[in-house]
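# Provided below are the primary sequence and the corresponding predicted coordinates.
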Amino acid sequence: MYEKETKSYYHLPPLNDEFMFQIIFCMEDQSNEYLLDLEKQVIVEQVFVDQREAENADRFLALPEWFPSDGYHTMEKFVATLRNPVYRQKLKDVLNLGRGVFRQFKDVVHEMPSIERLWFHFKDMEMQKRIYEWYELYDAAFTFSRLPGEGLEDDALEALQEDFVFSDNVTEHFDEYEKLRDACLDLYRSRNVSYRPYLLKKIEKAWTLSDKDRAIFALTPEREVVAIIIWHHESSLPAIVRAYYVCTPYRGLGLFHLLFDRVCEQSKRLGAQQTILELWDESIPIESMFREISTKTVRKCIFIENSSWIDSEK
């Protein structure tokens, strides 16, 4: 990708946030070419250094390349990782359009600030990886403080928090609580499974608030409630997350993760040392969110068709 020949008395500037931002800006600028002046430690436009470069070619270093094809592949990778079903399909359709794909992709992600923020974060991380490769190639003294990819989910969640506000005032948001409860129950009523009556009974009970139940709501800046988590706390016993729901357009963004973080923080302040999460039916895949920490399964519920079991025993 790059030609590795740099005089030993030249070195790259420190890779701080400001310099990283400057490089990314220049990589995205497709109308101009830029070079790094190793002597003055600044980025300059190619048109202003042609003569000096001819006199001392070792003084100037080409910045990492970033072509339109890199941008397109980055969009493809982002869509593949996006867990929100609505916008994943919208963006897939855009990528198949051909002409005007970059503009239309930008317009779609702009429809929802949280999706747009995740996109900008993802694109920046991809470009930073390219810059890391460039630094490794030209500066033997450069080492990573962390490998690319580590901690990116935490960074994305931190960025996502800026798009939502959180409230634990059940009285203020009781009408929204009822709407989210009904939406959750409707979801399970539509499940065409033989254990639906059992499931509905358990879900209805989980959504029934008692005096010791608490709730945390996620709201958009326009004060629209789009997610909820309900949990129970009693004395120094473990906190129990009983119910949760994220409105369809906001799924797959990490909202459940942010709500669960707040449950753990609040319950710890109240004296609870552990948190128990009850998973039901389609929410069971959430268990993968905890794969990197030590967990213990305290209960499993298995539904068996009796006829299948009896036939298998014959």
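Received, thanks.
# do you know how far residue 258 is from residue 47?
Counting by C-beta to C-beta, to the nearest Å, the gap from residue 258 to residue 47 is 47 Å. Heads up, the C-betas are built off the backbone N, CA and C, glycines and all.
# And those two? Which one has more around it.
A direct count of neighbours by other C-beta atoms under 10 Å for residue 258 and residue 47 places residue 258 higher, at 19 against 9.
# from what I can see that one touches residue 219, true?
No. Here residue 258 lies out of contact with residue 219, judged by C-beta atoms under 8 Å, at a distance of 11.9 Å.
# I'd guessed residue 123 sits against residue 78; true?
Yes. In this structure, residue 123 is within contact of residue 78 by C-beta under 8 Å, at 7.2 Å.
# And the strands in the stretch 201-314 of the chain?
Ranges of strands in the stretch 201-314 of the chain, per DSSP state E, counting those that start in this stretch, are 213-219, 225-232, 239-246, 275-277.
# can you tell which of those strands is closest to residue 116?
Taking C-beta to C-beta, strand 225-232 is the member of those nearest to residue 116, at 16.0 Å.
# and the closest one, which residues are buried?
Within strand 225-232, the residues that count as buried by 16 or more other C-beta atoms under 10 Å are 225, 226, 227, 228, 229, 230, 231, 232.
# C-alpha coordinates for it, PDB please?
Extracted in PDB, the C-alpha atoms of strand 225-232 (Å, rounded to 0.1, in the frame of the first residue of the first chain):
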ATOM      1  CA  VAL A 225     -40.300   7.100  25.500                       C
ATOM      2  CA  VAL A 226     -38.800   4.300  23.300                       C
ATOM      3  CA  ALA A 227     -37.600   1.700  25.800                       C
ATOM      4  CA  ILE A 228     -38.100   0.500  29.400                       C
ATOM      5  CA  ILE A 229     -36.600  -1.900  31.800                       C
ATOM      6  CA  ILE A 230     -38.400  -3.100  35.000                       C
ATOM      7  CA  TRP A 231     -36.600  -4.400  37.900                       C
ATOM      8  CA  HIS A 232     -37.200  -5.500  41.500                       C
END
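# So what touches that strand?
164, 173, 176-177, 179-180, 206-207, 209-210, 212-220, 239-247, 249-250, 255-256, 259-260, 262-263, 267, 275 (C-beta atoms under 8 Å, 6 or more residues apart in numbering).
# Could you pull up phi and psi at residue 42?
Dihedral angles of residue 42 (phi, psi; degrees, to the nearest 10) stand at phi -140, psi 160.
# ok, and the closest non-adjacent residue to it?
residue 36 (7.7 Å; C-beta to C-beta, 6 or more residues apart in numbering).
# Isn't that neighbour up against residue 59?
No. With contact defined as C-beta under 8 Å, residue 36 does not count as touching residue 59 (9.4 Å).
# So for those two, which sits in the more crowded spot?
Of the pair residue 36 and residue 59, residue 36 is the one with more neighbours under other C-beta under 10 Å, namely 24 against 18.
# Quick check: bridge partners of the more buried one?
Residue 36 has the following beta-bridge partners by DSSP bridges: residue 43, residue 61.
# Could you list the buried residues of stretch 178-189?
Using 16+ other C-beta under 10 Å as the test for burial, stretch 178-189 gives 180, 181, 184, 188.
# how many other residues sit next to residue 298?
Residue 298 is flanked by 10 other residues according to other C-beta under 10 Å.
# Sketch out the low-pLDDT regions of the protein for me.
The chain contains residues with pLDDT under 70 at 1-10, 50-55, 57, 139-156, 159, 313-314.
# 50 instead?
3-8, 141-152 (pLDDT under 50).
# Domain-wise, how is it divided?
For the chain, automatic domain parsing gives the domain ranges 1-161, 164-290.
# Can you name the residues that contact the closest residue to residue 195 other than its chain neighbours?
Once flanking residues are discounted, residue 195 sits nearest to residue 303: 4.4 Å by C-beta to C-beta, 6+ apart. Contacts for residue 303 (C-beta under 8 Å, 6+ apart) come out as 194, 195, 198.
# ok, which stretches of the stretch 101-250 of the chain are helices?
101-110, 113-138, 152-160, 174-189, 196-206 (DSSP state H, counting those that start in this stretch).
# Tell me how far stretch 83-98 lies from the chain's centre.
Mean C-alpha position of stretch 83-98 versus that of the full chain (C-alpha atoms, centre = their mean, to the nearest Å) differs by 17 Å.
# Give me the buried stretch members for it, please.
Buried residues in stretch 83-98 (16+ other C-beta under 10 Å): 84, 86, 87, 88, 90, 91, 94.
# Residue 284 versus residue 100, what's the distance?
Distance, residue 100 to residue 284, by C-beta to C-beta: 41 Å.
# just residue 183 next, same as before
Residue 183 sits at a distance of 19 Å from residue 284 (criterion: C-beta to C-beta).
# Then residue 204?
Taking C-beta to C-beta, one finds residue 204 at 19 Å from residue 284.
# can you list the buried residues of stretch 178-189 in TSV and add distance to residue 119?
Below are the buried residues of stretch 178-189 laid out as TSV (distance: C-beta to C-beta, whole Å):
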residue	distance to residue 119
180	27
181	32
184	29
188	32
